[in-house]
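Undergrad: dropping a prediction and its sequence here:
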Amino acid sequence: MKIGYPCINRTLGCVGARTFRLRNYSLDRLDEAVRNNLECLETMLRFNVEHGVLFFRITSDLVPFASHPDVEPLWVNRYADELRRIGSFIRAYDVRIDMHPGQYTLLNAKETRIVENAIRDLEYHCQILDQMGLDKTAKVQIHVGGVYEDRSASMGRFAEAFGELAAPIRRRLAIENDERSYPLADCLEISEATGCPVVFDVYHHSLLNQDEPLHEALIAAAETWEVTDGLPILDYSSSLPGGRFGRHADTLDPEDFEQFLRRTYPYDFDVMLEIKDKEISALRAVAVAQNDPRFVG
DNA sequence: AATGGTCAAGTCAGC
DNA sequence: GCTGACTTGACCATT
């Protein structure tokens, strides 16, 4: 069990997701942003390794606008050396990596233009991981998408689009249960049809479920992972006290996390903490997990 | 230097 | 049919 956090580290001074407004786009600006982002990524990875955090989500903004038609042909191959070097570091310290494209990446959209954009976006994410020389345990996790007033047809469109993806993309994908449209049971059904592993989001599951007990849900999700996919990934967070539906907590509640570790014992997985204060919570989680025989840091 | 409006993209609820 | 929430960090124009 490795513990990780997504994309950003506020303890270190660097900004790892520098971007720019598209109207201000230039090759110089792109270079400046990407070189800065890669340097910061390396700094964050070093910090993580020093602190027992061996799981990390790389931001989708690593190369801003990477799947934009004007930008895409320029960036591929442009940063290959840097990506290879960072990849070597990741492999040397056996760091688990994932990426998580945003809400606009919809494989099951009805409009072909949207699906095409989604595929280009997935190509970008996979290119980054490929150029780092990472195997398929480095996952790109996405949500199933919209319901479009017909759940089963929309799940069918996802499975169909998935089947048509190029192999280098298909092998990296994982689907995650969400909190408003597709609960775990739907993801498992899609997984059955596609072979795509399921990232189990504990918090989403608490908001949208079919009353499965935690350990049952955990086992079912874990069974969708082949050995070559790596340890199952689990997204952990809790609700913001007093916050609106679905809001993530500002910081880790160590007692809640300790209870979570107890309740999931002895099942093994890598834990991504989706919590606002990022590395602060990750370090606290690492401290809590020190006594757990599953923990690797 | 600080502030607040705005930013590629889509869906869905609410009017 | 249209508008705004969703969620959220960073950019950038304005002061």
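TA: Yes, it's here.

Undergrad: so residue A:62 sits against residue A:40, correct?
TA: No. Counting by C-beta atoms under 8 Å, no contact exists between residue A:62 and residue A:40, whose distance comes to 9.6 Å. For every residue, glycine as well, the C-beta is placed using N, CA and C.

Undergrad: which residues do those two both contact?
TA: Counting by C-beta atoms under 8 Å, 6 or more residues apart in numbering, the residues touching both residue A:62 and residue A:40 are residue A:16.

Undergrad: which of these two has more neighbours?
TA: More neighbours surround residue A:62 than the other of residue A:62 and residue A:40, with 25 against 21 (other C-beta atoms under 10 Å).

Undergrad: with adjacent residues omitted, what lies nearest to the more buried one?
TA: residue A:37 (5.2 Å; C-beta to C-beta, 6 or more residues apart in numbering).

Undergrad: wait, the one you found touches residue A:16, no?
TA: Yes. Using C-beta under 8 Å, residue A:37 is in contact with residue A:16, at 5.4 Å.

Undergrad: ok so, going back, separation between the residue nearest to residue A:62 and residue A:102?
TA: Relative to residue A:102, residue A:37 is positioned 17 Å away (C-beta to C-beta, to the nearest Å).

Undergrad: more neighbours: those two, which one.
TA: Remark: of residue A:37 and residue A:102, residue A:37 carries more neighbours, 24 against 10, as counted by other C-beta under 10 Å.

Undergrad: endpoints of stretch A:206-215, how far apart?
TA: This stretch, stretch A:206-215, spans 13 Å end to end (C-alpha to C-alpha, to the nearest Å).

Undergrad: quick one: mean pLDDT over it.
TA: Here stretch A:206-215 scores 92 as its mean pLDDT.

Undergrad: that one near DNA strand C at all?
TA: No. Stretch A:206-215 lies out of reach of DNA strand C by C-beta under 7 Å from any atom of the strand, never closer than 9.8 Å.

Undergrad: mutual contacts of residue A:37 and residue A:16, please.
TA: With C-beta under 8 Å, 6+ apart as the test, residue A:37 and residue A:16 both reach A:59, A:62.

Undergrad: in the stretch 51-200 of chain A, which residue sits closest to DNA strand C?
TA: residue A:103 (6.5 Å; C-beta to the nearest atom of the strand).
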